[in-house]
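Visitor: need a structure here:
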Amino acid sequence: MKRLTLLFGALAVALSLTACNTVQGVGKDISKGGQAIEKAAK
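Guide: Below is the predicted model:
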């Protein structure tokens with residue numbers, strides 16, 4: 001039972017780290033899109 005709990009804990013940590021990278025990547029994409037729109041407006 002302890003091993004199963006440890007496995008689920010490790011899985012939760014791995015998924016949360018993956019989610020952070022995904023959100024950061026989306027933020028960068030949105031920023032680049034905004035910069036492109038700004039350049040087009042100038």
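
Visitor: now the helices for the protein?
Guide: Taking DSSP state H, the helices of the chain run over residues 2-41.

Visitor: any low-confidence regions in it?
Guide: Across the chain, nothing is flagged by pLDDT under 70.

Visitor: how about a cut-off of 80?
Guide: 1, 15-26, 42 (pLDDT under 80).

Visitor: At the geometric centre of it, which residue sits there?
Guide: residue 22 (2.1 Å; CA atoms, centre = their mean).

Visitor: For that one, give its distance to residue 41.
Guide: Remark: distance between residue 22 and residue 41 (CB to CB, to the nearest Å) = 29 Å. The C-beta positions use only the backbone N, C-alpha and C, and glycine is treated the same way.

Visitor: got it, and residue 24?
Guide: Residue 24 is 26 Å from residue 41, by CB to CB.

Visitor: out of those two, which sits in the more crowded spot?
Guide: residue 24 (10 against 6; other CB atoms under 10 Å).

Visitor: Please report the distance of the more buried one from residue 15.
Guide: According to CB to CB, residue 24 stands 15 Å off from residue 15.

Visitor: Same check on residue 41?
Guide: 39 Å.

Visitor: and if you look at residue 40?
Guide: If you measure residue 40 against residue 15 using CB to CB, the figure is 38 Å.

Visitor: quick one, which of these two is more surrounded?
Guide: residue 15 (10 against 7).

Visitor: mind listing what residue 32 touches?
Guide: Residues in contact with residue 32 (CB atoms under 8 Å, 6 or more residues apart in numbering): none are found.

Visitor: For it, give its distance to residue 7.
Guide: From residue 32 over to residue 7 (counting by CB to CB), the distance is 38 Å.

Visitor: again with residue 19
Guide: As for residue 19, its distance to residue 7 is 19 Å (criterion: CB to CB).

Visitor: Repeat that for residue 34.
Guide: Relative to residue 7, and taking CB to CB, residue 34 is found at 41 Å.

Visitor: Over to residue 33?
Guide: 39 Å.
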